[in-house]
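Participant: A structural model of the following input is requested.
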Amino acid sequence: MILDLPDLPELSKEVIAESRKKKQYFPIAFDLYRTTAIVSSSLGCIDRRSLGLKNIPNIQLIILRGLLSRITRLMRTVCRLGGERQDKEAILILSRCILETATRILWILNKEQDVRFQTYLNSGLKAEKELLEEIKKNIVERGYSIAIEGE
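Facilitator: Numbering: from 1, shown residues only. Just a heads-up that it's a prediction; the model follows:
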């Protein structure tokens, strides 16, 4: 099955000029967000048995789907806030998160994917690793572990 992805929005010079004049970019943002959300959602739902995905390790596919899902959820939130003309600062912060997530996907998929996926996982688990080291240090200093620390 070939995905039926939407065409990129065609923005007329008039729409762009009017948005610049009024400093209101909602008509432009809406079309771009709508298209991006459809593409992200569609890509995230490709069947695991698809020929294009059969050689991708499961953990990598899960990571990519999670990142695409994150972009979609963030964009939906921006649209809700923007539609109600609320909290411009929150919209800017969310937009930065969207850009960072998209950049992360591009970085992972650019080259040396196995190494970059591992780097992504390691950096995401850095705080957990530090906490584990602290727990182990406390157990050694104390000479025993308490129930919440496990073994």
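Participant: pLDDT weak spots in the protein?
Facilitator: Flagging of the chain using pLDDT under 70 yields the residue ranges 1-6, 83-86, 150-151.
Participant: what's the first helix or strand after the helix of greatest length in the chain?
Facilitator: Across the chain, the longest stretch assigned as helix under DSSP state H is helix 58-83. Counting by DSSP states H and E, the next helix or strand C-terminal to helix 58-83 is helix 88-110.
Participant: quick check: buried residues in the longest helix of the chain?
Facilitator: Across helix 58-83, burial judged by 16 or more other CB atoms under 10 Å covers 60, 63-65, 67-68, 70-72, 74-75, 78-79, 82. All C-beta spots, glycine's among them, are computed from the backbone N, C-alpha and C.
Participant: I'd like those laid out as a markdown table, including distance to S42.
Facilitator: A markdown table is the format used below for those (distance: CB to CB, whole Å):
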| residue | distance to S42 |
| --- | --- |
| Q60 | 19 |
| I63 | 18 |
| L64 | 13 |
| R65 | 12 |
| L67 | 15 |
| L68 | 9 |
| R70 | 16 |
| I71 | 13 |
| T72 | 10 |
| L74 | 17 |
| M75 | 14 |
| V78 | 19 |
| C79 | 18 |
| G82 | 23 |
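Participant: quick one: which of those is nearest P27?
Facilitator: Distance to P27, by CB to CB, is smallest for G82 among those, at 11.2 Å.
Participant: check contacts around that closest one.
Facilitator: Applying CB atoms under 8 Å, 6 or more residues apart in numbering, we find G82 in contact with F26, A29, I91.
Participant: likewise for N58?
Facilitator: The neighbourhood of N58, defined by CB under 8 Å, 6+ apart, consists of R48.
Participant: quick check: it vs R48, distance?
Facilitator: 8 Å (CB to CB, to the nearest Å).
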